[in-house]
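Colleague: using only what follows, build the 3D model:
(one chain, ligands or ions: 1)
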Amino acid sequence: MSNRIGTETRKSRETEIAVELSFDGTGRAVLNVDNGFFGHMLELLAFHGGLDLQVTASGDTHVDDHHLIEDAGICIGKALRTALGDRVGIARYGSALVPMDEALAEVVLDLGGRPYLVFNGEFSREMMGDFSSEMVEEFFRAITVHGGITLHINLRYGKNNHHIAEAIFKGFGQALRRAAARNAALSTVASTKGILD
Ligand SMILES: [Mn+2]
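Modeller: Alright, predicted model coming up:
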């Protein structure tokens, strides 16, 4: 079977983003991202998702981190959509319950093509390093809209904001890996409708 690869580039007056990812990789991240904390999260996502992930992202970080994170999410979402292709022969659903010390995140997703985000999680700090805590939700919203993914993120509990973010990003990776896993016995899409889009 062929490798499932997606590439996406985006250049605007605010940011310049390039993404290349493969589902059938080794979890290796090659990142050149103008936000240290975001890079740390993408590394976790790639590793736990079993994704080869290259992201180059620069932009108007003198304003704040909003455009960079959101636009990277758009490109990663689009690259995921491309890499998933017709979504034939994949498990479709995936979930993960990931602890990080005192934090516990539940992540459940459906690669059925329908964009929807449910996000229940609170951060007590405004910033994590150079990353605005509120951008965790915005990043995953961009992924769901542009990737055709239904995603439910429920932070069950947690105190340390770094731990909370890590549990969420690792959980997304783990759930994505399970949902995108190929099932040799499945020669169609995992839907009684016969299509996923
Ligand atoms: Mn860490």
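Colleague: ok, Trp140 to Thr192 distance?
Modeller: Careful, residue 140 is Phe; it's not Trp. From Phe140 across to Thr192, the span is 28 Å (Cβ to Cβ, to the nearest Å). (Each C-beta comes from the backbone N, C-alpha and C, glycine too.)
Colleague: neighbour count for the two, which is higher?
Modeller: The neighbour count for Phe140 versus Thr192, taken as other Cβ atoms under 10 Å, is higher for Phe140 (25 against 6).
Colleague: test my guess that Ala179 contacts Arg87.
Modeller: No. Ala179 lies out of contact with Arg87 (Cβ atoms under 8 Å); the separation is 9.8 Å.
Colleague: which residues of this structure fall in helices?
Modeller: 36-49, 66-84, 135-147, 161-180 (DSSP state H).
Colleague: and of those helices, who's closest to Asn154?
Modeller: Ranking these by distance to Asn154, with Cβ to Cβ as the measure, places helix 161-180 first at 9.6 Å.
Colleague: number of residues surrounding Glu14?
Modeller: Per other Cβ under 10 Å, the neighbour tally for Glu14 reads 14.
Colleague: nearest spatial neighbour of it, skipping sequence neighbours?
Modeller: Closest residue to Glu14 apart from its sequence neighbours, by Cβ to Cβ, 6 or more residues apart in numbering: His67 at 4.2 Å.
Colleague: what's the overlap in contacts for Ala179 and Arg87?
Modeller: Leu111 (Cβ atoms under 8 Å, 6 or more residues apart in numbering).
Colleague: looking at the helices of the chain, which is nearest to Tyr93?
Modeller: helix 161-180 (5.7 Å).
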